[in-house]
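[1] pasting the structure only:
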Ligand SMILES: [Zn+2]
Ligand SMILES: [Zn+2]
């Protein structure tokens, strides 16, 4: 099975110069999984085809990771009304309790009208069986509100996406992502930023995770929109050489990736 992953967004917290906020579309030939749904990503989807057999997983309820759910919700409503979408889009969002941060965002999504979604909540113990050869597991990580790293296992490929996370509890993360074919890691900062943020990673920290977890390929993402992506690549490559950067429209062929360690099809 020739699975692919398309980058739809790579910057945060706002779009800039054709760069969207986070979103990664995995396809295994039967089903599609969209990891995060940040502002601008719907512009790179093929409509309405990409809404068919689509499962959306939101890592956490910061707006840079879910705001385009509103665009896709209304798009699904319109295409359903036109008879061009006959199965609801499955949308998984983290469960948030009234006492927790993000509850207003949670309610806003849960109460969304004019959509053709099946909205389901998940937690760290959830396992989503997308089809008989594809499942998604989760790991809660350190962030300013509940964030869940996602692991897709499909036809022998393993893709781990950090969502947003700090460089703590990495032992758990290392076992969660161990020997993954592809680690998609946030790398919000550069060394020169000189920022100590317990809720986000530097490029070198992302590279350290990749090294410790012995993954095949590291793809950096969640860049600060005012920074040059090349600087992130340089910093990360000093620790983990098989690193690439997320660029909008980049298509990764999972087979090439595992055969050639880092092969990019387009
Ligand atoms: Zn966040
Ligand atoms: Zn973010």
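    That came in fine, so what should we check first? Bear in mind that the values here come from a model prediction, so they are computed numbers and not experimental data. Ligands and ions are numbered 1, 2, ... in the order given.

[2] Please report phi then psi for the residue in the stretch 151-266 of the chain that ligand 1 sits nearest to.
    Ranking the residues of the stretch 151-266 of the chain by distance to ligand 1 (C-beta to the ion) places residue 164 first, at 3.6 Å. All C-beta atoms are positioned from the backbone trio N, CA, C, and that covers glycine. The phi and psi torsions at residue 164 (degrees, to the nearest 10) take the values phi -100, psi 130.

[3] Next up, the contacts around it.
    Residue 164 makes contact with 59, 60, 62, 65, 141, 143, 147, 186, 188, 199, 200, 222, according to C-beta atoms under 8 Å, 6 or more residues apart in numbering.

[4] 7 Å - rerun?
    With contacts defined as C-beta atoms under 7 Å, 6 or more residues apart in numbering, the neighbours of residue 164 are 59, 60, 62, 143, 147, 186, 199, 200, 222.

[5] mind putting those in JSON lines, pLDDT and distance to ligand 2 included?
    Putting the contacts of residue 164 into JSON lines (pLDDT from 0 to 100; distance: C-beta to the ion, whole Å) gives the following:
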{"residue": "59", "pLDDT": "98", "distance to ligand 2": "8"}
{"residue": "60", "pLDDT": "98", "distance to ligand 2": "8"}
{"residue": "62", "pLDDT": "98", "distance to ligand 2": "5"}
{"residue": "143", "pLDDT": "96", "distance to ligand 2": "8"}
{"residue": "147", "pLDDT": "97", "distance to ligand 2": "9"}
{"residue": "186", "pLDDT": "98", "distance to ligand 2": "7"}
{"residue": "199", "pLDDT": "97", "distance to ligand 2": "9"}
{"residue": "200", "pLDDT": "98", "distance to ligand 2": "8"}
{"residue": "222", "pLDDT": "98", "distance to ligand 2": "6"}
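
[6] Need those residues in CSV (columns: secondary structure and distance to ligand 1).
    Output for the contacts of residue 164, formatted as CSV (DSSP: H, G, I helix; E, B strand; the rest coil; distance: C-beta to the ion, whole Å):
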residue, secondary structure, distance to ligand 1
59, coil, 8
60, coil, 6
62, coil, 4
143, coil, 6
147, strand, 6
186, strand, 9
199, coil, 7
200, coil, 8
222, coil, 9
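
[7] Run through the helices of the protein in chain order.
    When assigned using DSSP state H, the helices of the chain occupy the ranges 63-66, 69-81, 103-110, 170-177, 203-212, 229-237, 254-260.

[8] Nearest approach to ligand 2 belongs to which of these?
    Go through the helices of the chain one by one with C-beta to the ion and the one that ends up closest to ligand 2 is helix 63-66, at 4.4 Å.

[9] mean confidence for that closest one?
    In this model, helix 63-66 has a mean pLDDT of 98.

[10] Repeat that for stretch 122-132.
    This predicted structure assigns stretch 122-132 an average pLDDT of 97.

[11] buried stuff in that stretch?
    Of all the residues in stretch 122-132, those buried under the rule 16 or more other C-beta atoms under 10 Å are 122, 128, 130.

[12] What's the end-to-end length of it?
    19 Å (C-alpha to C-alpha, to the nearest Å).

[13] Can you tell me what sits against it?
    By C-beta under 7 Å, 6+ apart, the residues outside stretch 122-132 that reach it are 30-31, 33, 55, 92, 94-95, 135-140, 148.

[14] can you check stretch 8-27 too?
    Outside of stretch 8-27, the residues within contact range by C-beta under 7 Å, 6+ apart are 3-7, 32-41, 44, 50, 64-65, 152, 159, 161, 184, 221-223, 225, 246-248.

[15] picking that back up, list just the nearest of the buried residues of stretch 122-132 to ligand 2.
    Taking C-beta to the ion as the measure, ligand 2 sits nearest to residue 122 out of those, at 18.5 Å.

[16] Tell me how far the closest one lies from residue 246.
    24 Å (C-beta to C-beta, to the nearest Å).

[17] can you pull the contacts of residue 103?
    When contacts are taken as C-beta under 7 Å, 6+ apart, residue 103 is in contact with 96, 97.

[18] That one and residue 145, how far apart?
    In this structure, residue 103 and residue 145 are 10 Å apart, going by C-beta to C-beta.
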